[in-house]
Structure formats: structure tokens, C-alpha cells
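1. Sequence first, then the predicted structure:
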Amino acid sequence: MLMTIIFFMVSILSSIAGSICGIGGGVIIKPVLDATGIMSVSNISFLSGCTVLAMSIVSVYKNVRAKTAKLNVRIATGLAIGAALGGVVGKSMFQMLKSAVGNENAVGMTQAIVLIIITLGTLIYTIYKNKIQTKEYTQLWLCFIIGVLLGVMSSFLGIGGGPINLVVLAYFFSLSTKEAALSSLYIIMFSQITSLIQTCVTGTVPEVEASYLIAMVLGGILGGTLGSRVNKKIDESGVNKLFIALMVVIVGINVYNAVKFGVAF
């Protein structure tokens, strides 16, 4: 019972923050649960993906309905379709690495190191983004290619999206903080649906406690709902400050995980 409550709390808090910032929540859930050593990397990735899917569906619906930010459907859909395909590739890469290495600790260490690099890069960009000249591409083929790369990365890492989405949306498409957050959640929604279908079709659904799965999905739904409400009440400066704080915490957790998995490996 205690573990179910812990899973629920991790899920709802991560989903609130993920909904507000557009990072999906998986980038918080994955390293936090990895740090506890409660279960295998594969199981955590699956639970994280299910939670993020629930949160993203609720968040996109709530934000579009409340008109919190403008969603460029053309660009976001191009990115989302690419991300969905990339998600399939990324999932396959994860399974291949897991089979080739045969050691969950090695896989976990690899994921943690890549997350450190991505998060640090995102943090640096966010701090200095006002000094960086952004682009404003509209070509669908470019949206698709970028989406594929985002999908591969997020699916392989088991984070369902993450900070890199926001950097890409801000730099390549000149979206504001809230516009990028909504578009990111829209992309995450598509990629997670595809990832879940692939997991079911290939028969690679891990064995997890039903109570953990229910608690995390419920936390994702409630977190997405609460996060959408908070998002309406804070300005873009507030979102940026929360985002930067989260990135610092995530880097710290992933450094710990990289060392933990490395020692165990």
C-alpha cells in the first residue's frame, strides 16, 4: 500500500510540473524511480510511458479548450507524425541494446548519461535563449524529420518527450514558452500512443503490479488537470523559472543514477 501511494505521489507531482512546462513528466518520473531501485529499467519505462500518455491527453484537451496558448496544428501534427514513427524506432533500439548488453544496469547508466547531456544542453539554452536568434521554419518535411529524431530520443530514454522538445520548438519554429509547451504535449501524446501500441503488438509488455499502474495513470490524469489549471494563472516568466529549477534537479538525480548504475554494472 505504501509503495502504491509513493508511485501515485511521484506521478501526480511530476505530471503537474510536466503539464505546466510541456516536458511530459516522464523526464522526472523515470530518473526518480530509477534512483529508488524499486524495479527494473524496463518496468519503469513502461509505467512512465503510460503515465505520460494519460497526462498528455488530458493536458492537451484542457489547454486547447481553455485557449491557454495557440496550437499550430499544421506544424505540430507534422512533428507528431514524425515522433510517432521515431518512437517505434527508439523502442526497437532500446530492446536491441537491452538484448545485446544483457544487463539492466548498463542500460540504465546509458540512459542516465544521455539524459544528463540533454538536460544540461536544455538548461544552458533556456538561460541564454533571449540572446539566441531563432528560426521560423514551416516546411512539413522538415517538421517530419525533426519529429522522427525527437521520437527516437524520447522513446529510447523512456521519458515520453522531455525538455529537448521545448528547445527544438523554440529554436526551429520561434514558438513562445506556452506555445512550445502545448505543442510538446501534443507531440508526446502521439508518440506515446504509438509506443504503447507497439509494446502491446510485439508482446513486450512487462509484468508490473496492477495497483502501481492504476495509481500512476490516475496520478497522470489528475496531474494533467491540475497542471492545466495552474498554467492558466501563471505567466511565461513563471513557467521559465519552474522549468529551469526542474532541469537543475533532474541533472542532479541523473548524475546520482549514472553513478549508481555504473557501480552496480
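-> It's in.

2. And residue 171, what's its pLDDT?
-> Looking at residue 171, its pLDDT stands at 93.

3. and the gap between it and residue 11?
-> According to CB to CB, to the nearest Å, residue 171 and residue 11 sit 30 Å apart. Heads up, the C-betas are built off the backbone N, CA and C, glycines and all.

4. of those two, who's got more company?
-> Between residue 171 and residue 11, counting by other CB atoms under 10 Å, residue 11 is the more crowded of the two (32 against 17).

5. where do the helices sit along the stretch 101-250 of the chain?
-> 104-128, 140-157, 163-173, 177-201, 210-233, 236-264 (DSSP state H, counting those that start in this stretch).

6. Please name every helix or strand in contact with the first one.
-> Packing contacts for helix 104-128, counted by 3 or more CB pairs under 8 Å, 6 or more residues apart in numbering; DSSP states H and E, involve helix 26-36, helix 41-66, helix 73-101, helix 140-157, helix 163-173, helix 236-264.

7. centre of the chain versus the strand or helix carrying residue 5, how much separation?
-> Using DSSP states H and E, the element containing residue 5 is helix 2-21. Distance of helix 2-21 from its chain centroid, counting by CA atoms, centre = their mean, to the nearest Å, is 13 Å.

8. Packing partners of it?
-> Against helix 2-21 (3+ CB pairs under 8 Å, 6+ apart) you get helix 26-36, helix 41-66, helix 177-201, helix 210-233, helix 236-264.

9. and the ones you listed as a markdown table, adding mean pLDDT and distance to residue 16?
-> Compiled in a markdown table, the helices and strands packed on helix 2-21 are given as follows (pLDDT from 0 to 100; distance: least, CB to CB, whole Å):
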| stretch | mean pLDDT | distance to residue 16 |
| --- | --- | --- |
| helix 26-36 | 85 | 10 |
| helix 41-66 | 88 | 9 |
| helix 177-201 | 87 | 13 |
| helix 210-233 | 91 | 4 |
| helix 236-264 | 88 | 10 |
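
10. so where is the stretch 1-150 of the chain shaky, pLDDT-wise?
-> For the stretch 1-150 of the chain, no stretch has pLDDT under 70.

11. circling back: so which of the helices and strands packed on helix 104-128 is nearest residue 134?
-> helix 163-173 (5.2 Å; CB to CB).

12. and that closest one, how far out from the chain's middle?
-> On the basis of CA atoms, centre = their mean, helix 163-173 sits 13 Å off its chain's mean C-alpha point.
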